[in-house]
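> here is a sequence together with a model predicted from it:
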Amino acid sequence: MFKIHKDIRRLTDEEKKQYEHSGYVKNLPVFSPDAAGDLHNFFEQLSSRLPKDIDINKTNMWHKASKKFYDLCRTPEILDYVEDILGPNFVQWGGQFFHKEPNSGSIVPWHQDAQYWPLKPANAVTVWLAVYDTDIENGAMKVVSGSHKKGAGGFSHHTNHSKDYVLDQEVSSDQIEKEKIVYMDLKAGEISLHNDALLHGSDPNKSDRRRCGITMRFSPTNVKGDLKEWPFFETQLARGVDDLKLNPVAQEPRGEATPLKRFGFSRDFEKDW
Ligand SMILES: O=C(O)CCC(=O)C(=O)O
């Protein structure tokens, strides 16, 4: 889709071990530095389709709505890295943007993804693709290395509806081992991978630069979503085969629809393709 990085590769054994022990890996090359402009245009094109009063951080399901977004998530070099963690058969079930305008106060509170996701077994990998260079000043994602070892439900979350918060489930700061915090500084076109039990969040953007990541959520085909809690849970095969067929399937988008809400079914987007 966009020009691939000249140093493209697979996960090294060290990185696989790091993912297991620390719950993340970062600075994996995917797109060439020359493709940064294409990534910016991609974000600007898709985000400009939203009405002004809709916060892109509160829209989800881009992988079900937009063929361009879906195709980006099918970049073979991204799926190769995910396969190195999850094995040959896996599905995608989530895709969204985490965006912070320059000097914006938006905050992602400390949380474990698995707290939000009624999925069993909890074994999802998130790809976080940097659209712009991201670092501590512009609100890079931060993680607590090794915190995934406590497992899903290993930290107590409380609800916080603060207006600057992008998500509403928060782990209090006294549960955070501060000396284990690592920032996911990435160049545009690089990705990080994180485990669904890893504690993570992000601070406001204190720079004059934009900050945006595209997240793609993948699980092995043995995942089962609880449809009572998450009726819209649908999967799209990303690689291999799905012999288990445990979940409703979302069709591949045939055109460009725009998700205006956090959640939706793939059929909701059909009329705009
Ligand atoms: O981009 C961020 O700041 C947070 C992303 C996040 O919470 C996630 O990918 O699960």
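Everything's here; your move. Residues are numbered from 1 along each chain as shown.
> right, and Gln92 touches Met216 too?
Yes - Gln92 sits in contact with Met216 when judged by CB atoms under 8 Å, with a separation of 6.2 Å. Heads up, the C-betas are built off the backbone N, CA and C, glycines and all.
> looking at these two, which is more packed in?
Met216 (27 against 24; other CB atoms under 10 Å).
> and the gap between that one and the ligand?
9 Å (CB to the nearest ligand atom, to the nearest Å).
> need the three-state assignment for that residue.
When classified by DSSP: H, G, I helix; E, B strand; the rest coil, Met216 comes out as strand.
> per-residue confidence for it?
In this model, Met216 is scored at 98, pLDDT.
> contact residues of the stretch 101-250 of the chain facing the ligand?
Contact residues, the stretch 101-250 of the chain versus the ligand (CB under 6 Å from any ligand atom): 108, 113, 126, 128, 141, 200, 202, 213, 215.
> ok, Cys84 touching Asp13?
Heads up, residue 84 is Asp, not Cys. No - using CB under 8 Å, Asp84 makes no contact with Asp13, being 9.9 Å away.
> those two: which has the busier surroundings?
Asp84 (19 against 8).
> what does the pLDDT read for that one?
98.
> what distance separates the helix or strand hosting it from the centre of its chain?
With secondary structure defined by DSSP states H and E, Asp84 is part of helix 76-86. Mean-position distance between helix 76-86 and its chain equals 14 Å (CA atoms, centre = their mean, to the nearest Å).
> with only the CA atoms kept, save that helix in PDB.
Taking Å, rounded to 0.1, in the frame of the first residue of the first chain, the C-alpha atoms of helix 76-86 are listed here in PDB:
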ATOM      1  CA  PRO A  76       1.700  -8.500   4.800                       C
ATOM      2  CA  GLU A  77       4.700  -7.200   6.700                       C
ATOM      3  CA  ILE A  78       2.500  -6.100   9.600                       C
ATOM      4  CA  LEU A  79       0.800  -9.500   9.600                       C
ATOM      5  CA  ASP A  80       4.200 -11.300   9.600                       C
ATOM      6  CA  TYR A  81       5.100  -9.700  12.900                       C
ATOM      7  CA  VAL A  82       1.700 -10.600  14.400                       C
ATOM      8  CA  GLU A  83       2.100 -14.200  13.200                       C
ATOM      9  CA  ASP A  84       5.400 -14.400  15.000                       C
ATOM     10  CA  ILE A  85       3.500 -13.900  18.200                       C
ATOM     11  CA  LEU A  86       0.100 -15.500  17.600                       C
END
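> helices or strands up against it?
Where contact means 3 or more CB pairs under 8 Å, 6 or more residues apart in numbering; DSSP states H and E, helix 76-86 is packed against helix 13-22, strand 125-130, strand 190-195, strand 211-220, strand 236-239.
> redo that, cut-off 7 Å
Packing partners of helix 76-86 (3 or more CB pairs under 7 Å, 6 or more residues apart in numbering; DSSP states H and E): strand 125-130, strand 190-195, strand 211-220, strand 236-239.
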